[in-house]
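Participant: Everything below, folded, please.
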Amino acid sequence: MPVQLNHTIVYASDKQRSAQFLADLLGLQVRPQYGPFLPVVTANDVALDFADAGERPVTPQHYAFLVSEEEFDAVFARIEQAGLTYYADPMRTRPGEINHNDGGRGVYWADPDGHMLEIITRHYGGEEPS
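Facilitator: Reported below is the predicted structural model:
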């Protein structure tokens, strides 16, 4: 079997709020809790397992999602409708813009705990999604 990413744990100050935030914007579902985890699963079966950080501080991470052009339009509309600040770059130097890197489109925004979320329509290097 080739190596595949199966899941990653996303620590949050409120796992329910953060999982629902991501699911709502990406048009996904929050799945039933499994142990301490609240999963949001992408189309390629990778689970983002949200877990409460408890007393530990949340260290912001970066999560990027490859989407079609149509999905980009839908997600971006939800970002705008929610009144979220978005950026063309991960350093947050180009607010209110999207990028056109590699012949596609991309945009970044922060979740309630500061995790940087990204949607892109092309793989880095310009390859179209298969």
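
Participant: wait, residue 111 sits on residue 84?
Facilitator: No. Between residue 111 and residue 84 there is no contact under Cβ atoms under 8 Å: 9.4 Å. Placement of C-beta: from N, CA and C, glycine included.

Participant: Neighbour count: those two, which is higher?
Facilitator: More neighbours surround residue 111 than the other of residue 111 and residue 84, with 21 against 15 (other Cβ atoms under 10 Å).

Participant: residues in contact with the more buried one?
Facilitator: Counting by Cβ atoms under 8 Å, 6 or more residues apart in numbering, residue 111 makes contact with 12, 18, 21-22, 117.

Participant: and those residues, which of them are in strands?
Facilitator: The strands, defined by DSSP state E, take in 12, 117 from those.

Participant: Adding pLDDT, write the contacts of residue 111 out as JSON lines.
Facilitator: What follows is the contacts of residue 111, written out as JSON lines (pLDDT from 0 to 100):
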{"residue": "12", "pLDDT": "98"}
{"residue": "18", "pLDDT": "98"}
{"residue": "21", "pLDDT": "98"}
{"residue": "22", "pLDDT": "98"}
{"residue": "117", "pLDDT": "98"}
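
Participant: What about the contacts of residue 111, which one has the most neighbours?
Facilitator: residue 18 (26 neighbours).

Participant: distance of that residue from residue 120?
Facilitator: Computed as Cβ to Cβ, to the nearest Å, the residue 18 to residue 120 distance reads 21 Å.

Participant: Sounds good, over and out.
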